[in-house]
Every structure is written in C-alpha cells, then in structure tokens.
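1. here is my input; please provide its structure:
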Amino acid sequence: MKLLFVVNSLDFFLSHRLEIAIAAYKAKYEVHVLTFDGGNQVEISKNEFKLHSLNFKRKKLSFFNEILIFFYTIKIFYKYKPDIVHLITLKPIIYGGMISKILSVKAVVIAFSGLGTIFTRGNNNYFFIKFLTINLLKIIFYKKNKLKVIFQNKDDQSLIKKLTKLNDNNSLIIRGSGVNLSKFKNLNFNNNRFVISMISRFLINKGVIEFIESSKTLKIKYPKIIFRLVGSLDSGNPESLNQDQLEILKKDKNLEIIENSKDIISIINQSEIIVLPSYREGLPKVLLEASACEKPIVTTNVPGCRDIVLDKITGMLAEPYNSLDLANKIEYLVLNKALRLQMGINGRKRVKEKFSIDYVISSHLNLYKDILR
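-> Next up, the predicted model:
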C-alpha cells in the first residue's frame, strides 16, 4: 500500500512525523514524502522513503510558484496513485485535499497541527484568506467517506467543525506528534546559572514580544537570571521578526540568543524553566519535550498550551498577550524551587501517560488500517 505524506517543510516532517513514517514503513507501507522545500535530506536518505521535493524557499514564493507547486503535486498524485494521502499543515491540506477530490484518491488523512495565523489574529487583512480557506475546506470535506481529520486539541476540532460542517464521524483527536521518553529525559546537568528559556521560531504569535518584555521586568529584580531565546527567524511567515529586529535583540543585555540549535535536549536540560507565551497552538511539541525532561513550564491559557499544562501542577498558565502576568508567573516559580522540582516530576508522569510516541504511532497505524477497510 502506498502512503504519501504531503507537508510544507521537510524539516517539520523530520521533527514531527518521521517516527510515524518509519513505523508505517516497517508495517509494509511504501512511504512517499512530498515537500515544498528542499530541507535537510540527510535523515531521509537513512530510510527507504521516496522523497519528492520542489526545493522552494518560502520567502521566494510567488503566485507563479504556487501554481507550479499545485501542478507538481497533481503530477506526484497521478504518477504514484497513493492509497492513502496524509496531508499536514494548512497549505498541503488545501492543495492536497482539492487534488484528492479531482483524482478520487481512495483515502485521505488530514492533520491540523494548529490553525495558523489566520485563525489567531483579528486583523482584517486575513479576512479574505480565512473566508477562502473555510470554503475550500467545506468542499474538501463534502461527501468524502474515506476521510479522517486529525486535530490535536478539542478547541481546534470544535472550531473547524462549526465553520465547515465537518461530520463528527470524520474527525478525531490525536494529541500531538508524541515524545520519545527514552530520548527526552532529565540529564541532571549541574547548572551553574539560572536559565529561563523560550524555544520557538521567532514569531509574534508565539509570544516572543511578551517573553522579551517579561525578561526586562524580571532582570531588574533578578539580574543573575539568564533569559534565553532559542530558535530561528521564519522569513516566509508574516508573523516573523526580521533580521534587523534580531540584530537589535542580540545587543540586548537582558537576553541570550541561540539560533538554529539542533541540540534541543541539552537546551532544555540547561534550563530551570521553559516558557512559551503563544497566542494559540495545536499541541506544542517543545512543551511536551520540556515536561518529559522534568522541567516546569510557564505558558498561556490558550488552546493547545492548556491541553498540555495542568495549572499549578505541571506548570503555570498566564494570560495571553500579557507580559506582566507572564513575568509574575515566572517569578512565582523562580522563588519556589521545591515546587519547580515537583512540577517537573508531575509533568514527565503526565507525558508518559498521555503523550508518548508509542501511543501516537499506534493511533496512526490503526487509523491507516481502518480507513482502508
């Protein structure tokens, strides 16, 4: 049976879906991966997957390139005739969903990893895009028997069902992409510095401004604390900081900037607290990884984030868009070492019970099997 993953970014596939693809291959699926950028192909070459990539950089996309992407996707669908297509993130969902309608693909799995910028901002600039997206989703979902739509949290599921009239029988929740507990664990580093880290792309809607503002507030009272911003720019995303803004931040004595780190496990273990003041998420993997490493979390009381963190048990929930409340919640943990340690223990236990990679893999393999019946 041919299984085709369609995803914007190869790097996202490698970080969030690779272990599912490996398990599918071991279960005798012929695994194909279609991406719209080149990405890091080294990991793909280690596995017997068939990679199809246009090697576009998102910042260079144009209307012409979007048309090229659409027809290239049709070509791959037509040539390989997949039994199942697994569409991940919004653009692949729209393009792949419409093409699946045109070519009558046997089975379609759609995975929302979050609802993206158009659903997190009230900016009127996104009104037409949101309107168009909703109506295309209605077409994709209409009278499709062998369709399953995966959501990572109930808020996203409820909103999309309301907007698109998605049938209850066609949707389910699989909480995140899973955490490998043998890989993500407390390494018991002997940290000589008190480090508080935010690990994320440098996006406005990830709460990067609130993190920066809270660091300024707390640095006045606790000058020895290190506030660390770890991640990268995303030039193809309208919410991203630009290079000039990043250069200014690098001069800020309140912050330590680490760009493009691949050793996230060490970054987490070097930290006392992990912070993510996001405006909305699917189910942020970095928070699951932080909990697996027994680190307390400060995040926002928004969809996705609150699905991971139990307030005052595995971390603290702050008000979104509120840097002062964020600073207060961080300070509360700074002053309570015993609570931080207990939250870390509670967090790993919760990940083990509800978010392990084994659960996510088995859920996907069962879904593939069921949808082909």
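
2. can you pull the pLDDT of Gly114?
-> Gly114 is assigned 80 on the pLDDT scale.

3. can you show me the strands along this structure?
-> 2-7, 30-35, 50-53, 84-88, 107-111, 147-151, 171-173, 195-199, 226-231, 255-259, 273-276, 297-300, 315-318 (DSSP state E).

4. adding distance to Val351 and mean neighbour count, write these out as JSON lines.
-> Where you see a C-beta, it was placed from the backbone N, CA and C, and this is true even at glycine. Listed next are these as JSON lines, based on distance: least, Cβ to Cβ, whole Å; neighbours: other Cβ atoms under 10 Å:
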{"stretch": "strand 2-7", "distance to Val351": "24", "mean neighbour count": "24"}
{"stretch": "strand 30-35", "distance to Val351": "27", "mean neighbour count": "23"}
{"stretch": "strand 50-53", "distance to Val351": "31", "mean neighbour count": "16"}
{"stretch": "strand 84-88", "distance to Val351": "22", "mean neighbour count": "26"}
{"stretch": "strand 107-111", "distance to Val351": "20", "mean neighbour count": "24"}
{"stretch": "strand 147-151", "distance to Val351": "19", "mean neighbour count": "23"}
{"stretch": "strand 171-173", "distance to Val351": "17", "mean neighbour count": "16"}
{"stretch": "strand 195-199", "distance to Val351": "16", "mean neighbour count": "24"}
{"stretch": "strand 226-231", "distance to Val351": "20", "mean neighbour count": "22"}
{"stretch": "strand 255-259", "distance to Val351": "24", "mean neighbour count": "15"}
{"stretch": "strand 273-276", "distance to Val351": "13", "mean neighbour count": "27"}
{"stretch": "strand 297-300", "distance to Val351": "11", "mean neighbour count": "28"}
{"stretch": "strand 315-318", "distance to Val351": "12", "mean neighbour count": "25"}
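
5. how about these, which one is nearest Leu159?
-> strand 147-151 (9.2 Å; Cβ to Cβ).

6. angle of that closest one against strand 84-88?
-> Angle, strand 147-151 to strand 84-88, by axes from the mean of the first three to the mean of the last three Cα atoms, to 10 degrees: 30 degrees.

7. check which helices and strands strand 147-151 sits against.
-> When contacts are defined as 3 or more Cβ pairs under 8 Å, 6 or more residues apart in numbering; DSSP states H and E, strand 147-151 sits against strand 107-111, helix 154-164, strand 171-173, helix 357-371.

8. partner strands of that strand, with direction?
-> strand 107-111 (parallel), strand 171-173 (parallel) (DSSP bridges).

9. break the protein down into its domains, please.
-> What automatic domain parsing lists as the domains of the chain is 2-178+356-371, 195-354.

10. looking at these, which is buried most?
-> domain 195-354 (a mean of 19; mean count of other Cβ atoms under 10 Å).

11. what's the average pLDDT for that domain?
-> 95.

12. which residues in the stretch 101-250 of the chain form helices?
-> 127-141, 154-164, 208-221, 243-250 (DSSP state H, counting those that start in this stretch).

13. for Ser197, see how far away the residue lying closest to Ser291 once chain neighbours are set aside is.
-> With Cβ to Cβ, 6 or more residues apart in numbering as the criterion, Ser291 has its nearest non-adjacent residue at 3.2 Å, and that residue is Gly347. Remark: distance between Gly347 and Ser197 (Cβ to Cβ, to the nearest Å) = 15 Å.

14. tell me how far Leu14 lies from Val7.
-> Distance from Leu14 to Val7, counting by Cβ to Cβ: 10 Å.

15. one step back: adding distance to Glu353, write the strands of the chain out as CSV.
-> As requested, the strands of the chain are exported to CSV (distance: least, Cβ to Cβ, whole Å):
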stretch, distance to Glu353
strand 2-7, 28
strand 30-35, 29
strand 50-53, 35
strand 84-88, 25
strand 107-111, 22
strand 147-151, 20
strand 171-173, 16
strand 195-199, 23
strand 226-231, 27
strand 255-259, 31
strand 273-276, 20
strand 297-300, 17
strand 315-318, 16
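
16. many thanks, have a good one.
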